[in-house]
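**Student:** sequence and predicted model, in that order:
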Amino acid sequence: MTGAKRRLQILVTRPRGEADLFAVALAMRGHDAVVAPLLDIVVDDAPPLDLAGVQAVLFTSANGVRAFAHTQKSRDLKAFCVGDATAAAARNAGFGTVESASGDVETLAALVQKRLDPKDGTLIHATGTAVAGDLAGVLGAEGFAVRRVQLYRADTATKLPDEAAEALRSGRIDVVTFFSPRTAEIFARLVHEAGLDASLARVTALALAPTALEIAREQGCRFKTAIAADQPNEAALLAAVDRLAEAPDAPVSEPRPGPAAAKPASVPPSPASQPAPSRGLLLLFVMALLAGGIGAGGALYWQNTMVAPKTSPSPTVALPPATGVLEQRLAAVDRRLSQIEQRPAATVVQTAPGNAVDLGPLESRLEALESRAQVDPGTQAALAAMMAENRRLAGELARIQAEVERLQGGIVEQTADRAAVRRAEFRLAVGQLRDAALAGRPFAAELALVREMAGEARRPEDFAALAQAAERGLETRASLVRRFPPLANAMVAAARTGDIAGRWGELLERLQGLLSIRRVGEIAGDDASARVARAEVLANAGDLEGALAAFDGVQGAAWIAPARGWLEVVRLRLAVEREIAALAAAGGG
């Protein structure tokens, strides 16, 4: 990091996977990210698409790429992407022919018109529930047949994440980033609902495009500054972050509390613990060499550690004959100089701010000797030169000490940066684990990476449910909901048959094989029919926890048997979701 660059606390509002990747990029630049996803991307569990007659697929987001890849095995179609990040996602998904418009919907439409012919086939636009721009309309006007296919939905956050709300409330956030107008609108609403409007007065808003900033302003957000990236892509937004960090009036934030933020009392660690040799260590070596030039004046003390002269010849000063006390003192000085010349250089092991090199006592002694001894002019000149050299060395050592202190500050920042990168990498690994697990794919590799990165900070029982499901994967929520109605019919039928014995029970069982009649909706009561009806309502609403709770206290009942396997799968999925949530909350800290 350069001396002029500021450390920023940046609130990232995009969905989890992209937010974690962006947090890594910010950490590599020396900034701290507070990840606050305002949209949760949920991929639809849809059947494969009919691709007959399709010449290319259009992607306006990386989420569309991932949803398409989840639904389709084929990667043979050409992929046309709105920006470079989306194009990178397409290449990572296995598409062989990928082109990026490096812009927005309009530039993507222009790229498609330039590269493709309407006569060669239909275009598929893979989208979510919300679509920015009118890509189908623009291309349709040019004769293209565009089939929009909704493959995922973006669920809106109902409140600001606790970490983000607290960071805004305490004034820690310097910058908030918006990657879409929708996240800007959601952010404005949630900030207002949390009563945090005033906290935005010191926050700078950065957005991919002016539209997001306009929506935030229309919703009542009053930022310190609002800046749109030069181009509507992530690289341009990161460049805007760099410019903001280097601006003279840029916000200044301290690193988040943690062991890495505490300034050490000693010099940087030894090379064995560093990725590469430190300039600070080289400067300390130079310091020891420079200190050797003070041999004529005795040993120099710096922070209670002696810097002795290097064993190189010292200048010899011929003094005239002296008598009495003066002769004895001069002889003692000469012996002292001889001892110092033969002593190996000591190692400087510690520095601290404010420790100036004090050569005052040495100069006082030399001045006293000069005034009391009747020496010739040549000797006086030699003594004066020695004192001048001492003063020069004192200034040089002070300069080197200031440089070492500056480098120490850089080491502290780099240490904090590495810790921030590790946290961001852990969040990214957990996000990849979450995506694989919740999409129903096996996730053994993702789990192994998270466990390795977590190390001893997590116990084996923290991964119990994840380990149980890793090899085969989990059944998706959508599949569990679809499977419930037939099981509900079977449970109600089992309960009715159990209540009627003999021939009438056998007759009822045969009739139920032809026709299933049961109550539905919010029904009060604790009988099988009421419990099953409530569970179905909750499951259809996506509340699997509530559906499971509807059967509390009757797990051993005979009529539960048809759905016992379903209930076990739901329990396992909920346990996995809790473990992933706990890992995400830990954040690698």
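**Tutor:** Good, I have the coordinates.
**Student:** quick one: buried residues of stretch 212-227?
**Tutor:** 212-213, 215-216, 221, 223, 226-227 (16 or more other CB atoms under 10 Å). Just so you know, the C-beta spots here come from the backbone N, C-alpha and C atoms, and that holds for glycine as well.
**Student:** ok, those residues vs Val82, which is closest?
**Tutor:** Ala212 (15.1 Å; CB to CB).
**Student:** contact partners for that closest one?
**Tutor:** By CB atoms under 8 Å, 6 or more residues apart in numbering, the contact list for Ala212 reads 178-181, 183-184, 228.
**Student:** quick one, domains of the protein?
**Tutor:** 9-38+157-254, 49-130, 271-408, 477-586 (automatic domain parsing).
**Student:** out of these, which gets the lowest mean score?
**Tutor:** By mean pLDDT, the lowest-scoring of the domains of the chain turns out to be domain 271-408, with a mean of 50.
**Student:** now the strands: where do they sit in the stretch 51-200 of the chain?
**Tutor:** 54-59, 78-81, 98-100, 122-127, 146-150, 152-156, 175-178 (DSSP state E, counting those that start in this stretch).
**Student:** any idea which of those strands is most buried?
**Tutor:** Counting by mean count of other CB atoms under 10 Å, strand 175-178 has the highest mean neighbour count of the strands of the stretch 51-200 of the chain, with a mean of 28.
**Student:** alpha carbons only: can I get that one in PDB?
**Tutor:** This file holds the C-alpha atoms of strand 175-178, laid out as PDB (Å, rounded to 0.1, in the frame of the first residue of the first chain):
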ATOM      1  CA  VAL A 175     -18.700   3.500   1.200                       C
ATOM      2  CA  VAL A 176     -21.800   1.600   0.100                       C
ATOM      3  CA  THR A 177     -21.800  -0.100  -3.400                       C
ATOM      4  CA  PHE A 178     -24.800  -0.700  -5.600                       C
END
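**Student:** parallel or antiparallel, list what pairs with it.
**Tutor:** strand 9-12 (parallel), strand 204-207 (parallel) (DSSP bridges).
**Student:** now those in a markdown table, with distance to Asp197 and mean neighbour count?
**Tutor:** Converted to a markdown table, those look like this (distance: least, CB to CB, whole Å; neighbours: other CB atoms under 10 Å):
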| stretch | distance to Asp197 | mean neighbour count |
| --- | --- | --- |
| strand 9-12 | 15 | 24 |
| strand 204-207 | 13 | 24 |
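**Student:** and those strands: which comes nearest Val82?
**Tutor:** Nearest of these (CB to CB): strand 204-207, 15.8 Å.
**Student:** what does the closest one contact?
**Tutor:** Counting by CB under 8 Å, 6+ apart, 174-179, 184, 213, 216, 221, 223-229, 237, 240-241, 244, 251 sit against strand 204-207.
**Student:** strands - which of the buried residues of stretch 212-227 land there?
**Tutor:** Among the buried residues of stretch 212-227, DSSP state E puts 226-227 in strands.
**Student:** among the buried residues of stretch 212-227, name the ones in helices.
**Tutor:** Residues of those located in helices (DSSP state H): 212-213, 215-216.
**Student:** ok, Val532 touching Met491?
**Tutor:** Yes - when contacts are counted by CB atoms under 8 Å, Val532 is listed as touching Met491 (5.3 Å).
**Student:** can you redo the ones in helices among the buried residues of stretch 212-227 as CSV with distance to Ser479?
**Tutor:** Converted to CSV, those look like this (distance: CB to CB, whole Å):
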residue, distance to Ser479
Ala212, 36
Leu213, 41
Ile215, 36
Ala216, 38
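**Student:** let me know the closest of those to Met453.
**Tutor:** Checking those one by one against Met453 (CB to CB), the nearest turns out to be Ala212, at 33.1 Å.
**Student:** for Phe22, which non-adjacent residue is closest in space?
**Tutor:** Once flanking residues are discounted, Phe22 sits nearest to Val12: 5.4 Å by CB to CB, 6 or more residues apart in numbering.
**Student:** which residues does the one you found contact?
**Tutor:** 19, 22-23, 26, 33-36, 177.
**Student:** among the residues you listed, who's most crowded?
**Tutor:** Thr177 (28 neighbours; other CB atoms under 10 Å).
**Student:** quick check: the residue nearest to that one when sequence neighbours are not counted vs Ala398, distance?
**Tutor:** Excluding the flanking residues, the one nearest Thr177 by CB to CB, 6+ apart is Leu206, at 5.0 Å. For Leu206, the distance to Ala398 (CB to CB, to the nearest Å) stands at 42 Å.
**Student:** picking that back up, what's across from the residue nearest to Thr177 in the sheet?
**Tutor:** Thr177, Ile227.
**Student:** give me the distance between the closest residue to Ala524 other than its chain neighbours and Val537.
**Tutor:** In this structure, Ala524 finds its nearest non-sequential neighbour in Ala530, 6.4 Å apart by CB to CB, 6+ apart. From Ala530 across to Val537, the span is 11 Å (CB to CB).
**Student:** sticking with Val34, tell me its helix or strand.
**Tutor:** strand 32-35 (DSSP states H and E).
**Student:** buried stuff in the helix or strand following that strand?
**Tutor:** As assigned by DSSP H and E, the chain's next helix or strand after strand 32-35 is strand 39-43. Neighbour-count burial for strand 39-43, counted by 16+ other CB under 10 Å, picks out 39, 41-43.
**Student:** what's the answer for stretch 419-431, then?
**Tutor:** Buried residues in stretch 419-431 (16+ other CB under 10 Å): 419-421, 423-431.
**Student:** give the rounded mean pLDDT of that stretch.
**Tutor:** Mean predicted lDDT for stretch 419-431 stands at 80.
**Student:** okay, and Pro486 sits in which element?
**Tutor:** Short version, using DSSP H and E: Pro486 is in helix 477-499.
**Student:** got the angle for that helix vs strand 39-43?
**Tutor:** With axes from the mean of the first three to the mean of the last three CA atoms, to 10 degrees as the basis, helix 477-499 and strand 39-43 are set at 70 degrees to each other.
**Student:** give me the contacts around helix 477-499.
**Tutor:** With CB under 8 Å, 6+ apart, helix 477-499 has contacts from 44-45, 438, 440, 505, 508-509, 512, 516, 518, 527-529, 532-533, 535-536, 539-540, 542, 544, 547, 557-563, 566, 569-570, 573.
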